[in-house]
Structures are given as structure tokens and as C-alpha cells.
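K.L.:
Generate coordinates for the sequence data below:
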Amino acid sequence: MNIDFNRRLSIAPMLDCTDRHERYFLRLISKHALLYSEMVVTHALLHAKPEMFLGHEEFEYPAVLQLGGSNPADLAKCSKMVEAAGFQEVNLNCGCPSDRVQSGSFGACLMKDKNLVADCFKSMQDAVSIPVSIKCRIGVDEFDSWEFFRDFVGTVADAGCKYFIIHARKAWLKGLSPKENREVPPLHYEFVHKLKAEMPQLNIAINGGIRSMDQVLAHLNGDPTSAGTGVALDGVMVGREPYENPWFLHDADERVFGDTAPAAKSRKAVLEAYLPYVEKQFAEGCPATILVKHIYGLFAGLPGARKFRQMLSEGAPRAKNYGGPAELIRKAMEFVVEEV
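P.N.:
Below is the predicted model:
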């Protein structure tokens with residue numbers, strides 16, 4: 001299946017967040033945003049049930065699956081599985097700083113071995129016909145100079161990579177938690193814009209600290225007042241904001257992609273469209289707690305939003321008492337006042 005997709009706006013891979021249910025839910029709000037999976041470790045994909053990690057609905061497309069690993073042969077095998085499952089792209093994680101990835105010598109650790117990353121990329125790309133992209137930081141530990149960053153990207157680009165998503169912070173592998181690594185190291189958007197200026201042939205997307213659609217457009221347009229440079233980027237990746245406030249995406253199709261036909265006219269319309277999927281997944285054994293957790297922030301800022309969240313969080317473990325999670329969601333919606 002050939003799916004055309006635009007990289008101008010994407011939703012970041014987030015552990016315990018961007019599972020198949022979150023992707024389905026967000027697709028109801030935006031038809032065009034590029035959706036990423038959680039990171040899937042190669043060892044798990046090769047030695048557990050693949051459906052646990054590769055299962056999804058075609059409705060989620062365009063969608064990317066992110067792999068974590070450092071063995072070129074294993075990454076190639078997994079990339080073939082990703083392509084066979086129907087995803088439009090496979091992404092290699094070179095930016096996650098958690099203890100888990102450090103013990104496995106992948107994620108942000110890989111930035112210290114540019115040649116290994118180039119080998120991993122080439123093995124992956126040789127194995128599949130879909131694109132392979134790289135998600136990385138601007139540096140790691142004491143390796144945080146512009147020269148180090150440019151050399152890393154240049155080496156991987158020389159191996160054939162065209163698509164880079166760059167979190168504009170370095171990673172501290174010792175002393176900071178993953179959450180702190182998303183907030184403490186300073187943002188250097190200028191590194192990413194400068195990279196695009198020096199390597200215009202590459203498709204460059206920026207990630208990190210972007211919390212508004214105005215900021216998204218500033219990076220895409222190269223607005224010097226907001227992005228610090230006059231160089232336009234090819235894409236912007238956002239993470240925590242759309243997860244905590246999914247309605248953030250409601251005007252993305254029009255403002256970012258030029259599509260004036262909204263995917264949904266209201267938050268409640270989004271939930272009504274989500275309910276048949278909830279019923280289907282619950283009937284197939286998915287816990288109600290998983291199906292409702294992604295919608296907690298949909299009504300953020302509206303009257304009744306707190307009561308909505310409270311009813312879902314308290315009611316999900318005993319959803320059968322309500323007739324299932326879909327009925328629980330319907331009842332919780334009654335607390336919210338929404339202007340359409």
C-alpha cells in the first residue's frame with residue numbers, strides 16, 4: 001500500500017503513550033499529522049509475539065514505527081517486519097537517554113559511535129523499500145559541540161540517510177532522569193536550523209519544547225523572531241503537548257497542511273467517533289484503563305474537565321459495572337460543557 005505523507009508535523013514516539021490506541025485516537029483529530037509508535041526494542045520484537053508491537057489499524061496511517069537497537073543484522077530483520085506489517089517508515093532511535101537503553105548500548109549512546117549508526121542505517125535501508133529515518137539529539141554528555149553534531153549527521157547522511165528528526169537538546173547519560181533530559185539541558189534550536197542551512201539536501205525536523213501551533217509554524221517558516229534564524233525547516237515534531245492536550249491538533253490540518261476540511265468539528269464528536277473502536281478493542285480483551293487513559297486531556301481547560309478525568313480514572317478499573325468503557329466515556333462526557 002502506497003501512502004503519501006507529509007513530514008511537516010509529527011507526533012513524537014513516547015513510551016507508554018503513543019501505542020496503537022493513542023494513534024487511532026489522534027487520527028480522529030488530525031488526518032495528516034505523522035504518527036510514531038513507542039520505541040520497540042529489536043530483542044523484544046524478534047523474541048516475543050510480533051503482534052504485540054506491530055498490531056495497528058490502517059486508519060492510523062501515515063504511521064512510523066521506531067526501533068531501538070544497535071545490531072545492524074537485527075535492525076535489518078526488524079525493519080523487514082515493520083515494512084511487512086504496513087508501516088510507512090521505520091525510525092532508528094539515537095536519542096533516548098534512559099538507563100534501559102544505556103544498558104543495551106543503544107538510544108542516545110549511539111551518537112558516540114557515528115560509524116555504527118551509519119552501518120545500522122545502511123543495513124536497515126538495504127532491507128526495506130520504505131524510508132528509514134534517524135531521531136537523535138544535538139549531542140551527548142561532553143560531546144556537545146557544533147562540530148560533533150554536524151559530523152555525526154554528516155556521517156550518517158553519507159551512508160544514504162535523508163531524514164533526520166532532531167531533539168534540540170543534548171542528552172546527559174549520567175545524573176539526569178529521562179524526564180529531566182527532556183527539560184534540563186538547554187534547547188539550541190539554532191543548531192538544527194544551521195544544519196538545514198549547511199545541508200539543504202536533507203529533510204530536517206526539529207523536536208523539543210514546542211508547545212504551540214504558532215511555534216510549529218515559526219520553525220516551518222524560518223521566522224527569525226521565534227526560531228532564531230531565517231532558515232525554514234522541513235518538519236516539526238511535538239510530543240507532550242498533544243498527549244496532555246490532544247485538542248492541540250484540531251487546527252493542524254488547516255494551519256500546517258492547508259486542508260480546510262476538519263477531521264472533527266468538536267471534542268465530543270471525536271469521542272463519539274472513538275467509541276466503536278473502544279467497544280471493539282474491549283471485546284477483544286484490551287483493558288479499559290488502556291483505552292481511556294489517552295483521552296484524559298481532551299477537554300483540558302473546559303468546565304467539567306476535572307470531573308471527566310476523575311470519572312474515567314476511577315471508573316475504568318470497573319468499567320464492566322457501567323456496561324463497558326464506551327458507556328463509561330459517554331457518562332463522563334455529560335460533565336463537560338463544550339462550545340462548538
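K.L.:
quick one, what contacts K135?
P.N.:
Counting by CB atoms under 8 Å, 6 or more residues apart in numbering, K135 makes contact with P13, Q66, N91, L92, N93, C94, G95, F164, I165, I166, H167, N207. Placement of C-beta: from N, CA and C, glycine included.
K.L.:
Can you classify it by secondary structure?
P.N.:
Per DSSP: H, G, I helix; E, B strand; the rest coil, the local secondary structure of K135 is strand.
K.L.:
What residues are bridge-paired with it?
P.N.:
N93, I165 (DSSP bridges).
K.L.:
quick one: which of the contacts of K135 is nearest to V192?
P.N.:
Among the contacts of K135, I166 lies closest to V192 (CB to CB), at 5.0 Å.
K.L.:
Distance check, that closest one against K31.
P.N.:
Distance from I166 to K31, counting by CB to CB, to the nearest Å: 26 Å.
K.L.:
Compare those two (neighbour count), which wins?
P.N.:
Using other CB atoms under 10 Å as the criterion, I166 and K31 rank with I166 on top: 27 against 15.
K.L.:
residues touching that one, list them.
P.N.:
By CB under 8 Å, 6+ apart, the contact set of I166 is K135, C136, R137, I138, F191, V192, L195, I204, A205, I206, N207.
K.L.:
same thing with E38?
P.N.:
By CB under 8 Å, 6+ apart, E38 lies in contact with P13, M14, L15, D16, C17, T18, D19, Q66.
K.L.:
and with 7 Å instead?
P.N.:
P13, M14, L15, T18, D19 (CB atoms under 7 Å, 6 or more residues apart in numbering).
K.L.:
Tell me how this protein divides into domains.
P.N.:
Under the assignment automatic domain parsing, the domains of the chain span 9-257, 267-333.
K.L.:
how distant is the first one from the center of its chain?
P.N.:
Computed by CA atoms, centre = their mean, to the nearest Å, the separation of domain 9-257 from the middle of its chain amounts to 7 Å.
K.L.:
Q66 versus the most far-flung residue of the chain relative to its centre, what's the distance?
P.N.:
Relative to the centre of the chain, the most outlying C-alpha is that of N321, 34.0 Å out, by CA atoms, centre = their mean. N321 sits 37 Å away from Q66, going by CB to CB.
K.L.:
For the nearest residue to P72 once chain neighbours are set aside, report the pLDDT, please.
P.N.:
Leaving aside its sequence neighbours, P72 sits nearest to S123 (CB to CB, 6 or more residues apart in numbering; 3.7 Å). With respect to pLDDT, S123 scores 98.
K.L.:
S123 contacts K77, correct?
P.N.:
No - using CB atoms under 7 Å, S123 is not in contact with K77, being 9.3 Å away.
K.L.:
Comparing the domains of the chain by mean pLDDT, which bottoms out?
P.N.:
When I compare those, domain 9-257 is least confident, with a mean of 93.
K.L.:
hang on, L67 in a strand?
P.N.:
Yes - counting by three-state DSSP, one finds L67 located in a strand.
K.L.:
I'd say it and K80 touch.
P.N.:
No - counting by CB under 7 Å, no contact exists between L67 and K80, whose distance comes to 11.3 Å.
K.L.:
which one of those two has more residues nearby?
P.N.:
L67 (25 against 14).
K.L.:
Closest to G235 out of the contacts of E38?
P.N.:
P13 (14.3 Å).
K.L.:
contacting residues around that closest one?
P.N.:
So P13 contacts Y36, S37, E38, M39, Q66 (CB under 7 Å, 6+ apart).
K.L.:
related to what we said a few turns ago, any chance of the contacts of E38 in TSV, plus distance to G230 and secondary structure?
P.N.:
Shown next, in TSV, are these (distance: CB to CB, whole Å; DSSP: H, G, I helix; E, B strand; the rest coil):
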residue	distance to G230	secondary structure
P13	30	coil
M14	31	coil
L15	35	coil
T18	32	coil
D19	38	coil
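K.L.:
Only the buried subset of the residues you listed, as a PyMOL command please.
P.N.:
Restricted to buried positions by 16 or more other CB atoms under 10 Å, the PyMOL selection for the contacts of E38 reads:
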select buried, resi 13+14+18+19
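K.L.:
Identify the farthest-apart pair in the contacts of E38.
P.N.:
Farthest pair in the contacts of E38 (CB to CB) is P13 and D19. Separation: 10.4 Å.
K.L.:
returning to what we had before: now, among the contacts of P13, which is nearest to Q310?
P.N.:
For these, the nearest to Q310 is E38 (26.5 Å; CB to CB).
K.L.:
Name the SS class of N91, please.
P.N.:
Once three-state DSSP is applied, N91 turns out strand.
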